[in-house]
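>>> need a structure here:
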Amino acid sequence: MASIQESMLVIVSILATAACFNIALFFGYGKAKSYLFFAFYCVFHCFKIYLKTFPDDAILVANLNAYQLVYLSVVLGMFSLSTFFALYFKLPYTRYFLAAYVCIAALFFAFVHELGFIQLSLGIAIAQVVYASVKREKTIIMLFGVLGFAFCVWLGWNNLLNFGYFAGVIVMIFAMVLATSMELARKNNLYHQMQLRATRLENQLLKSTIQPHFILNSLTSLQELIAMDSEKASQFVQELSTVFDLFAKISDQKFIPVRQEIALVQSYLDIMGLRKSVDFKLSVQDMPKDDLIPPGILLTLVENGVTHGFENREKGDFFITKQLLDACAVYSVSNNGNAGDKNVQKGTGLNYVMARLKESYGDKFAFESQPQTTGWLSKITIWS
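Have a look, this model is predicted:
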């Protein structure tokens, strides 16, 4: 007796856990009704085990004895399983199928023994999964589950396996959990791929916006210098050609060495110094030259600082540093320009930086940009 009670306790624990798992899936993944019906399937079988503790002829509810209520719990459980398959596999004519199933189940409940209904229900479940396997891929686990269910029931009927029906239910639960977990993993992977693709598209759009904007402004400044100072104009053209050459080398790469990015920043500051008549200085500390970073992010942060922080200034200092912590690296870009409004540097440039970081590091980064006592400070934290 103790062995039977322990076995029943294990079965109920598995059923209850599976029910909770599917309820969590229901609320966590768009309230897909299929998961809710599999939870019902588990709950009704828990109810069946509870009813098995009463004598078959004991009257319990509305003149129904324990045996009839056990039969009813089987009907509701198998109906929930077929509904799960119909919704999970998106089978056609689901409403008509379920209506017919209810009518047949009512007739069997009234006139046919419980074993006959179980045979019919297992046949319907197998037919559903086989039909789904013809229409879509990756149904083999569910098929093994329902066939294992039927095989365990057969073993139980032939006294070859204790609790054969419930063993089959557990086989079905494990198959469902495995198949669903694999499907959710596939969907999550697809979702992350779509996110990455969207980020790359955003990155390309921002890149196509930033570069023409820079080129247009540079050519406008060149026209002014040609008219005012031919020597500066010649120097400007030389610096501009260096920048364009660097742009051509790095624009389509996912990562570039820091030395290339620093060279681009230096050329940019030389150009902007000529354009604005400002003496820009760049200081770089603790930046290994072979570090790899997404192209253009340091340049964009420096460009933001030049654009918004050095009106009516004769000198400007920029600082780029790297700090290694226990589990991350922190890149800092700061300047001694005018801090200005806190929202002034939010726009296309910083969106480009965020898009590049998202594409390259996923969720393993943090970015902040804010005014400091003098000038502006931007930090990029990258976790290993």
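>>> and the gap between the closest residue to P371 other than its chain neighbours and W376?
In this structure, P371 finds its nearest non-sequential neighbour in A339, 3.5 Å apart by Cβ to Cβ, 6 or more residues apart in numbering. For glycine as for every other residue, the C-beta is placed from the backbone atoms N, C-alpha and C. A339 sits at a distance of 6 Å from W376 (criterion: Cβ to Cβ, to the nearest Å).
>>> Quick check: neighbours shared by these two?
G309 (Cβ atoms under 8 Å, 6 or more residues apart in numbering).
>>> Those two: which has the busier surroundings?
Using other Cβ atoms under 10 Å as the criterion, A339 and W376 rank with W376 on top: 24 against 19.
>>> Just give the strands next to the longest strand along the chain in its sheet, each with its orientation.
Longest strand in the chain by number of residues (criterion: DSSP state E): strand 315-324. Strand pairing for strand 315-324, using DSSP bridges, gives strand 279-285 (parallel), strand 328-335 (antiparallel).
>>> if we can go back for a sec, checking the residue nearest to P371 next. Helix, strand or coil?
coil (DSSP: H, G, I helix; E, B strand; the rest coil).
>>> which residues does E314 contact?
E314 touches 277-279, counting by Cβ under 8 Å, 6+ apart.
>>> Just among those residues, which is most surrounded?
V278 (18 neighbours).
>>> In contact with it, which residues?
So V278 contacts 272, 310, 313-316 (Cβ under 8 Å, 6+ apart).
>>> average model confidence for stretch 51-58?
Mean pLDDT, taken over the full extent of stretch 51-58, equals 86.
>>> Would you mark the buried spots in that stretch?
Going by neighbour count (16 or more other Cβ atoms under 10 Å), the buried part of stretch 51-58 is L51.
>>> low pLDDT regions in the stretch 51-200 of the chain?
136-138, 194-200 (pLDDT under 70).
>>> can you pull out the helices in it?
66-88, 94-111, 114-135, 140-157, 164-228 (DSSP state H, counting those that start in this stretch).
>>> Mean neighbour count, the ones you listed: which tops it?
helix 66-88 (a mean of 21; mean count of other Cβ atoms under 10 Å).
>>> Report all helices and strands that that one contacts.
Packing contacts for helix 66-88, counted by 3 or more Cβ pairs under 8 Å, 6 or more residues apart in numbering; DSSP states H and E, involve helix 33-51, strand 59-61, helix 94-111, helix 114-135.
>>> Relative to T83, which of the contacts of E314 is nearest.
V278 (72.1 Å; Cβ to Cβ).
>>> Turn the strands paired with strand 315-324 into a markdown table, columns for mean pLDDT.
Output for these, formatted as a markdown table (pLDDT from 0 to 100):
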| stretch | mean pLDDT |
| --- | --- |
| strand 279-285 | 93 |
| strand 328-335 | 93 |
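>>> What mean pLDDT does stretch 18-34 get?
Here the average pLDDT along stretch 18-34 is 87.
>>> What separation do you get for the nearest residue to Y331 once chain neighbours are set aside and I297?
Distances taken as Cβ to Cβ, 6+ apart put I380 closest to Y331, at 4.5 Å, once the chain neighbours are dropped. Shown here: I380 relative to I297, a distance of 7 Å by Cβ to Cβ.
>>> Ok, K281 next?
21 Å.
>>> out of the two, which sits in the more crowded spot?
Set K281 next to I297 and count neighbours by other Cβ under 10 Å: I297 wins out with 24 against 12.
>>> Let me see the confidence value for the more buried one.
88.
>>> what about the closest residue to it other than its chain neighbours, how many neighbours?
If the residues on either side of it in the chain are set aside, I297 comes closest to V353, at 4.9 Å by Cβ to Cβ, 6+ apart. V353 has 24 neighbouring residues, counting by other Cβ under 10 Å.
>>> And the one 3 residues further on, by the same measure?
Using other Cβ under 10 Å, R356 has 25 other residues around it.
>>> give the contact list for it.
Applying Cβ under 8 Å, 6+ apart, the residues contacting R356 are 203, 294-297.
>>> What strand or helix carries it?
Using DSSP states H and E, the secondary-structure element containing R356 is helix 348-361.
>>> Only C-alpha atoms, please: export that helix in PDB.
The C-alpha trace of helix 348-361 is given here as PDB (Å, rounded to 0.1, in the frame of the first residue of the first chain):
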ATOM      1  CA  THR A 348      21.600  60.700 -35.000                       C
ATOM      2  CA  GLY A 349      25.200  60.400 -33.800                       C
ATOM      3  CA  LEU A 350      24.400  58.700 -30.500                       C
ATOM      4  CA  ASN A 351      21.800  56.500 -32.100                       C
ATOM      5  CA  TYR A 352      24.600  55.400 -34.500                       C
ATOM      6  CA  VAL A 353      26.800  54.500 -31.500                       C
ATOM      7  CA  MET A 354      24.000  52.600 -29.800                       C
ATOM      8  CA  ALA A 355      23.300  50.700 -33.000                       C
ATOM      9  CA  ARG A 356      26.900  49.700 -33.500                       C
ATOM     10  CA  LEU A 357      27.300  48.600 -29.900                       C
ATOM     11  CA  LYS A 358      24.100  46.600 -30.100                       C
ATOM     12  CA  GLU A 359      25.100  44.900 -33.300                       C
ATOM     13  CA  SER A 360      28.600  44.000 -31.900                       C
ATOM     14  CA  TYR A 361      27.900  43.100 -28.300                       C
END
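>>> So which bits of it are buried?
Quick answer for helix 348-361 (16+ other Cβ under 10 Å): 349-360.
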